[in-house]
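Enquirer: Compute the structure for the input listed below.
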Amino acid sequence: MTCELVDQRELDRRYLAGQLSEEEATAFEAHYFECDRCWELVKSGAGVRATLKAGGTLAAAPVRAWWRPLALAAALVLVFLGTWRVVGSRGRNDPDAIRGARDSIAVRSELSAGLWRTSWPTVSGAASYRVRVFDADGRLLLTRESSDTNIELPADSLSTLGGGGTLYLDIQGFDQLRRPVARSPLTPLLPLGAPR
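Expert: As a prediction, this is how the structure comes out:
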């Protein structure tokens, strides 16, 4: 994955619109976590989306008269697309600001007897769950798939992977077709060896 490929295939725009396959999205995420330029593209695109969703405006400078008809046409297109999206998405979860379903999985983790035990409630519509562990720099250290609502990970292997610093995990629930239906917020684990 390179910045040139991101530009050629408009991966940042397609990512924010939820139009990438799971493999493309995972590869793009791995790239933009380590690329300042692409990270800024995603952040600014998500910011524009949030501003427009909240009813804000992006332009602070006065609009010239010849831009008014163009702005009106663009607004009508946005209203049409918004209406089409709302009507077309009845019965589905609303997508969140970045990708997939909203942050709705509550995670509980504890260190006991040399194991990190992480559990979460069953999510309606989820057939499987993906647990990912990241280091403080955002590098993906570990991925596990499970149909259960808990997972145990040896603390010593996490300590080796994370270099003893704070680790973070997230959980995503997928339906039968591997579409995301819910996810947890990025949840910090205590630094390994830290008092509880």
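
Enquirer: residues contacting Leu142?
Expert: By C-beta atoms under 8 Å, 6 or more residues apart in numbering, the contact set of Leu142 is Val131, Arg132, Val133, Leu153, Leu158, Leu161. Where C-beta positions appear, they are placed from N, C-alpha and C, glycine not excepted.

Enquirer: Closest one of these to Pro188?
Expert: Of all these, Pro188 sits closest to Val133, with 11.1 Å by C-beta to C-beta.

Enquirer: Neighbouring strands of the strand or helix carrying the closest one in the sheet, and parallel or not?
Expert: Element membership of Val133, judged by DSSP states H and E, is strand 128-134. Applying DSSP bridges to the sheet, strand 128-134 is found paired with strand 140-146 (antiparallel), strand 167-174 (antiparallel).

Enquirer: Just name the most buried of those.
Expert: With neighbours taken as mean count of other C-beta atoms under 10 Å, these reach their highest mean count in strand 167-174, at a mean of 22.

Enquirer: contacting residues around the helix or strand hosting Glu29?
Expert: Per DSSP H and E: Glu29 is located in helix 22-32. Here helix 22-32 makes contact (C-beta under 8 Å, 6+ apart) with 1-2, 6, 11-12, 14-15, 20, 38-39, 41-42, 99, 140, 178.

Enquirer: Could you pick out the buried ones from the residues you listed?
Expert: Among these, the ones that count as buried by 16 or more other C-beta atoms under 10 Å are Met1, Val6, Leu11, Asp12, Arg14, Tyr15, Leu20, Cys38, Leu41, Val42, Arg99.

Enquirer: contacting residues for the first one?
Expert: The neighbours of Met1, taking C-beta under 8 Å, 6+ apart as the test, are Ala27, Phe28, Ala30, His31.

Enquirer: For burial, what's the neighbour tally of the second one?
Expert: When you say that, I think you mean Phe28. 23 (other C-beta atoms under 10 Å).

Enquirer: Over to the last one?
Expert: Other residues near His31 number 17, with proximity taken as other C-beta under 10 Å.

Enquirer: separation between it and Ala182?
Expert: His31 sits 25 Å away from Ala182, going by C-beta to C-beta, to the nearest Å.

Enquirer: and if you look at the first one?
Expert: Per C-beta to C-beta, Ala27 is found 23 Å from Ala182.

Enquirer: So if I had to pick from those two, which one is more boxed in?
Expert: Legend: neighbour count by other C-beta under 10 Å for Ala27 and Ala182, higher for Ala182 (24 against 15).

Enquirer: quick revisit: just give me the closest of the contacts of Met1 to Ser109.
Expert: Ala30 (23.6 Å).

Enquirer: For the closest residue to Asn150 other than its chain neighbours, give me phi and psi.
Expert: Once flanking residues are discounted, Asn150 sits nearest to Ser119: 4.0 Å by C-beta to C-beta, 6 or more residues apart in numbering. With angles defined as degrees, to the nearest 10, Ser119 sits at phi -140, psi 160.

Enquirer: give the contact list for Ser119.
Expert: Ser119 neighbours (C-beta under 8 Å, 6+ apart): Val107, Arg108, Ser109, Thr149, Asn150, Ile151.
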